[in-house]
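Student: Following is a predicted model, sequence given first.
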Amino acid sequence: MKTIKQIISDADPRLKGVLVIMIAYVMVMATTITAGATQEIKGYKETIEIQYQDGAQKAKDYLVRQDSVKNVLKELDVTLGNKDTVNKDMSYIVQSKDLLQVNRISEEEVEEVQYVDSQTIETTGLHLFTTEVVQQGQQGQINNKVKVTYENGKIVKKELLSSEVVTEKTDTIIAHGTVQPGAYFTGKLTTYGGDCAGGNGTSSSGISLSTTTGVKGSNSAKLSYNGGSYYCLAADPSIPFGTIIKITNHNLGIESTAYGIVVDRGGAIKKNHIDIFNGTEAGKYFRGGSSSNTQFEIVSVGSGKNFWK
């Protein structure tokens, strides 16, 4: 094969100049084309397949140029909000089969009503043999201003901004009548004697209650105790032996304000029914009978069965 130099040497002298120019042109063009191709290859970006998920939407497949996350999002026409986040750094070069996720973050301020339940408090009361509602409870209400943060439509955070109490909560208070100084009740007052049915002349606490000699041989209906003198009473088992009770608003033949002490029990003596010893069933020491609206008040609480020993 002839070289370019031989081709020029063998050519018609009239064409040598033109031939030189043509060869030079071809060489320049070849050089230019080669340089351009090299430049195009250097700037070439491969097309890859990725998955893109926007917020709560399902992930979808996309063909994109392999580039930074920032540029890929631009290619996909994705606009990010101020608080939105991406699962990869913006400078990261996306690889084939990558999952690109955009988390949509939003905030809003809302009013929330909070209800505070009323509680039931059990306590002791002075009204014996009763259970009373001392205070009726009421549900409370608070209005809260809250900043709510959503991620892809779901609540991820709540921040309390301010609170206003609209209604104060009050509790229900239930008082159960309890034996204690100052406790009171209204009830029935009756009399009994040492000859009552089932009686044996001795009280349930061991004190002699005789039809002939009275309380402990004193020839009276009263018991001397701790410097005082008290009528002997049979009372409900919830009232301890030795408990001193003030008695008013009765129609018996005793002091209008009388004081008795619990020394006995009785099968029919329950709750607000009090029986007072009067020697005999017929009534030996005072005019007997029955009083239905008698007022009773606990003065002191006794220590129990052996209080008098």
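Tutor: Great, that's in hand.

Student: Who are the contact partners of Phe185?
Tutor: 127-130, 177, 272, 296 (C-beta atoms under 8 Å, 6 or more residues apart in numbering). C-betas here are computed from N, CA, C, even on glycine.

Student: Restricted to buried residues, select those in PyMOL.
Tutor: Typed into PyMOL, the line below selects the buried ones among the contacts of Phe185, using 16 or more other C-beta atoms under 10 Å:
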select buried, resi 127+128+129+177+272+296
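
Student: List the buried residues for stretch 160-176?
Tutor: Buried, per 16+ other C-beta under 10 Å, within stretch 160-176: 169, 173-175.

Student: can you list those residues in TSV and add pLDDT, distance to Gln139 and secondary structure?
Tutor: Shown next, in TSV, are the buried residues of stretch 160-176 (pLDDT from 0 to 100; distance: C-beta to C-beta, whole Å; DSSP: H, G, I helix; E, B strand; the rest coil):
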residue	pLDDT	distance to Gln139	secondary structure
Lys169	97	7	coil
Ile173	98	15	strand
Ile174	98	17	strand
Ala175	97	21	strand
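
Student: which one of those is nearest Glu122?
Tutor: Ile174 (5.5 Å; C-beta to C-beta).

Student: Tell me the bridge partners for that closest one.
Tutor: On the basis of DSSP bridges, Ile174 is bridged to Glu122, Val133.

Student: hey, where'd the helices end up in this protein?
Tutor: 4-10, 16-42, 69-75 (DSSP state H).

Student: Tell me which residues of the last one come out buried.
Tutor: The reference is to helix 69-75. Residues of helix 69-75 classed as buried: 69, 71-73 (neighbour count, 16+ other C-beta under 10 Å).

Student: Name the residues that touch that helix?
Tutor: Outside helix 69-75, the residues within contact range by C-beta under 8 Å, 6+ apart are 50, 64-65, 67, 80, 86, 88-92, 94, 100, 102.

Student: Residues contacting stretch 223-233, please?
Tutor: With C-beta under 8 Å, 6+ apart as the test, stretch 223-233 has contacts from 203, 207, 209, 215-216, 218, 221-222, 242, 244-245, 247, 254, 258-264, 274-277, 308.

Student: Quick check: bridge partners of Val110?
Tutor: Beta-bridge pairing for Val110 (DSSP bridges): Val146.

Student: Next up, the contacts around it.
Tutor: Val110 touches 145-146, 148, counting by C-beta under 8 Å, 6+ apart.

Student: Dump the residues you listed into TSV; add neighbour count as well.
Tutor: Below are the contacts of Val110 laid out as TSV (neighbours: other C-beta atoms under 10 Å):
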residue	neighbour count
Lys145	14
Val146	16
Val148	15
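
Student: I'd like those residues as CSV, with distance to Tyr192 and pLDDT appended.
Tutor: Listed next are those as CSV, based on distance: C-beta to C-beta, whole Å; pLDDT from 0 to 100:
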residue, distance to Tyr192, pLDDT
Lys145, 71, 98
Val146, 71, 98
Val148, 75, 98
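
Student: Name the nearest residue to Thr131, ignoring sequence neighbours.
Tutor: His176 (5.2 Å; C-beta to C-beta, 6 or more residues apart in numbering).
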